[in-house]
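> Dropping a prediction and its sequence here:
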Amino acid sequence: MPNPAQIDAVLAQVDAGLEQSLSRLFELLRIKSISTDPAFAAECQRAADWITGELNALGFSAAARPTPGHPVVVAHGPEQPGPHVLFYAHYDVQPVDPLNLWHTDPFEPQLKEDAQGRKIIVARGASDDKGQMLTFIEACRAWKAATGSLPLRVSLLLEGEEESGGKNLPPFMRENAAELKADVALVCDTDMWDRSTPSINTMLRGLVADEIEITAANKDLHSGMFGNAARNPNQVLAEIIASLRAPDGSVTIAGFYDDVAELSPEIKAQWAGLGFDEKAFLGDVGLSLPAGEQSRSVLETLWARPTCEINGMSGGYIGDGFKTVIPAKASAKISFRLVSGQNPDKIRAAFRAHVEARLPADCTVSYTPHGGSPAITVPSDGEFVRKALAGLSDEWNKQAVITGSGGSIPVVGEFKSILGLDTLLIGFAQIDDQIHSPNEKYDLESFHRGIRSWVRVLAALAE
């Protein structure tokens, strides 16, 4: 177990080596590892080889392993007492289009000052995810330089296709599950709560997506000749969609909330103390009133409650001008974000039963599923969460918080379903990093204190 003097020595090494760490980050950022464009396949290989070389130089046993797409970098540190952690990040980046909106070359990183005088690193991949990935690798480098070893067993799994669907990672994980066995996964691809408050995301919602098509007559009909006499699929669909929500914002599907647990009083109190501005959150997108369950806070509805959303509707004539038609068919794409405890298959079946119970005579319905995955929750009182929170709090001199996410991160579900691992989502990005957009940036403080944070987290997990 590391002692305080060792931790201080490693932190001092981070500070002394920051310029060299930044230089290495700039080297990696110059590699155009755009995974979705086949023209950059050699650059993705070059990025994987660069990372492999760095990790081998640090004493890891590392290799860029082939897949049907871009390589997966796998690295293992030496055996150590205590827990074994598996760190995940991705080295591929988004395309840079539209190039004309960049202020500088996206693959020639710049250290600049923003309007508030903060130093920022500007380049494609600076935040998502090369800068975040190197915070962890540079923390390992500092441990090796200051003490000669890491404080616990560390393995790394670094993907080259996250930005292009990641379809080759799950089969790779299944084929190498025994090799990738660990005690907990660490992911650095998320934000802090705010600029001074580190966080661990312990909740990711799952997803069910279904497309429905209502059919009535065997062809489109003239509304003057068949209006009132013929069933209109647009109206049938509209009535079914309207029935999915109650006036209080809750979802009306039978059994929808049966497996949804309430937040603990401790987490609810912590979220209430985060200072989240509901009015500003909605005001930024031109809205003013929350539309979800009226008895819940906006944060609770975003992170800890399931949703039902209409993502698209189609039926009849929607071109220029006007056509008085009763369509034969009408369709909608509907998705549900799920929380821990909800079974995707059960929710899909309940939704379809809701539709069919409201289907009038002379109408039929067909379905096209578009995926389903369960929510992921890491117990907020678990040992790894508790230790990591302590390490983050020590570095930022502020209590680290537990947060959730309204979205889904597929690799976290795959860690659970394939490897049986819980995941700690610890990231140092800021909400204004403009990931996937022109002029992507990463705060120099995020990079520097991210490295220091991982030093402390690794020490805490080793206790």
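Looks like it arrived, so ask away.
> F428: how many residues sit nearby?
Other residues near F428 come to 28 when the count uses other C-beta atoms under 10 Å. C-beta: built from backbone N, CA, C; applies to glycine.
> measure it to P306 for me?
According to C-beta to C-beta, to the nearest Å, F428 stands 29 Å off from P306.
> Per-residue pLDDT of the spatially most central residue of the chain, please?
In the chain, the centroid-proximal residue (C-alpha atoms, centre = their mean) is I409; its distance is 3.8 Å. I409 is assigned 83 on the pLDDT scale.
> Name the nearest residue to it, ignoring sequence neighbours.
Spatial nearest neighbour of I409, excluding adjacent residues (C-beta to C-beta, 6 or more residues apart in numbering): L204 at 5.5 Å.
> mind checking pLDDT for the one you found?
91.
> next one: S373
88.
> right, and it touches Q342 too?
No: S373 is beyond contact range of Q342, at 10.8 Å (criterion: C-beta atoms under 8 Å).
> Need phi/psi at the residue nearest to the centre of the chain.
Phi and psi for I409, reported as degrees, to the nearest 10, are phi -120, psi 100.
> Surely it is in contact with C188?
No: counting by C-beta under 8 Å, I409 stays clear of C188, with 11.9 Å between them.
> so how far is Q116 from the residue nearest to I409?
L204 sits 31 Å away from Q116, going by C-beta to C-beta.
> Buried residues in stretch 185-205, which are they?
Within stretch 185-205, the residues scored as buried using 16 or more other C-beta atoms under 10 Å are 185-193, 197-205.
> got it, and stretch 344-362?
Quick answer for stretch 344-362 (16+ other C-beta under 10 Å): P344, I347, R348, A350, F351, R352, H354, V355.
> want to throw the residues you listed into CSV with secondary structure, distance to H70 and pLDDT?
Listed next are the buried residues of stretch 344-362 as CSV, based on DSSP: H, G, I helix; E, B strand; the rest coil; distance: C-beta to C-beta, whole Å; pLDDT from 0 to 100:
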residue, secondary structure, distance to H70, pLDDT
P344, helix, 29, 95
I347, helix, 34, 98
R348, helix, 33, 98
A350, helix, 39, 98
F351, helix, 37, 98
R352, helix, 38, 98
H354, helix, 42, 98
V355, helix, 41, 98
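> Tell me which helix or strand F447 sits in.
helix 444-462 (DSSP states H and E).
> ok, back up a step: among the buried residues of stretch 185-205, which are located in strands?
Among those, the members falling in strands (DSSP state E) are A185, L186, V187, S199, I200, N201, T202, M203, L204.
> give me the beta-bridge partners of the fourth one?
The residues listed as beta-bridge partners of S199 by DSSP bridges are V401.
> Relative to F351, how far out is A291?
For A291, the distance to F351 (C-beta to C-beta) stands at 19 Å.
> again, but for T52
From T52 across to F351, the span is 46 Å (C-beta to C-beta).
> burial of the residue nearest to N232 when sequence neighbours are not counted, as a residue count?
With sequence-adjacent residues excluded and distances taken as C-beta to C-beta, 6+ apart, N232 is closest to I326, at 5.2 Å. Residues lying near I326 (other C-beta under 10 Å) number 24.
> Correct me if wrong: I326 contacts L221.
Yes: the criterion here is C-beta under 8 Å, and I326 meets it with L221 at 4.2 Å.
> Please, where are all the strands along the stretch 51-200 of the chain?
Along the stretch 51-200 of the chain, the stretches classed as strands by DSSP state E, counting those that start in this stretch are 61-65, 72-76, 84-90, 110-113, 119-122, 153-159, 184-187, 199-204.
> Buried residues, the fifth one. List them.
With burial defined by 16+ other C-beta under 10 Å, the residues of strand 119-122 counted as buried are I120, I121, V122.
> residues in contact with the last one?
In this case it means V122. By C-beta atoms under 8 Å, 6 or more residues apart in numbering, V122 lies in contact with H103, T104, P109, Q110, L111, K112, N439, E440, K441.
> Same check on the second one?
Under the criterion of C-beta under 8 Å, 6+ apart, the neighbours of I121 are L22, L25, L29, P109, Q110, L111, G131, K441, Y442, D443, L444, F447.
> same thing with the first one?
Going by C-beta under 8 Å, 6+ apart, I120 touches L111, K112, E113, D114, K441, Y442, D443, L444.
> The closest residue to the last one other than its chain neighbours and E445: what is the separation?
Distances taken as C-beta to C-beta, 6+ apart place K119 nearest to L444, at 4.0 Å, with adjacent residues excluded. Summarising the geometry, the distance separating K119 from E445, computed by C-beta to C-beta, is 7 Å.
> before we move on, what about S408?
For S408, the distance to E445 equals 29 Å [C-beta to C-beta].
> Same drill for these two, tell me which one is more crowded.
Legend: neighbour count by other C-beta under 10 Å for S408 and E445, higher for S408 (18 against 15).
> Tell me how far the more buried one lies from A388.
To A388, S408 is 22 Å away according to C-beta to C-beta.
> One more: V378?
To A388, V378 is 10 Å away according to C-beta to C-beta.
> any common contacting residues for the two?
By C-beta under 8 Å, 6+ apart, V378 and A388 have these common neighbours: L424.
> which among the contacts of I120 end up buried?
Neighbour counting by 16+ other C-beta under 10 Å classes K441, Y442, D443, L444 among the contacts of I120 as buried.
> Hmm, Q116 and the third one touching each other?
No: between D443 and Q116 there is no contact, the gap being 10.3 Å when judged by C-beta under 8 Å.
> Quick one: classify V14 as helix, strand or coil.
helix (DSSP: H, G, I helix; E, B strand; the rest coil).
> pLDDT value on the closest residue to it other than its chain neighbours, please?
Distances taken as C-beta to C-beta, 6+ apart place A142 nearest to V14, at 4.6 Å, with adjacent residues excluded. Per-residue confidence at A142 stands at 98 (pLDDT).
> Quick one: residues contacting A142.
Residues near A142 by C-beta under 8 Å, 6+ apart: V10, L11, Q13, V14, G17, I451, V455.
> closest to I241 among those residues?
For these, the minimum distance to I241 (C-beta to C-beta) is 49.4 Å, reached by I451.
> Just the pLDDT at that closest one, thanks.
98.
> Just give me the neighbour total for it.
Neighbours around I451, by other C-beta under 10 Å: 28.
> cool, the one 4 residues further on as well?
Burial of V455, expressed as a neighbour count using other C-beta under 10 Å, amounts to 28.
> Spatially nearest residue to R205, not counting backbone neighbours?
Once flanking residues are discounted, R205 sits nearest to R337: 4.2 Å by C-beta to C-beta, 6+ apart.
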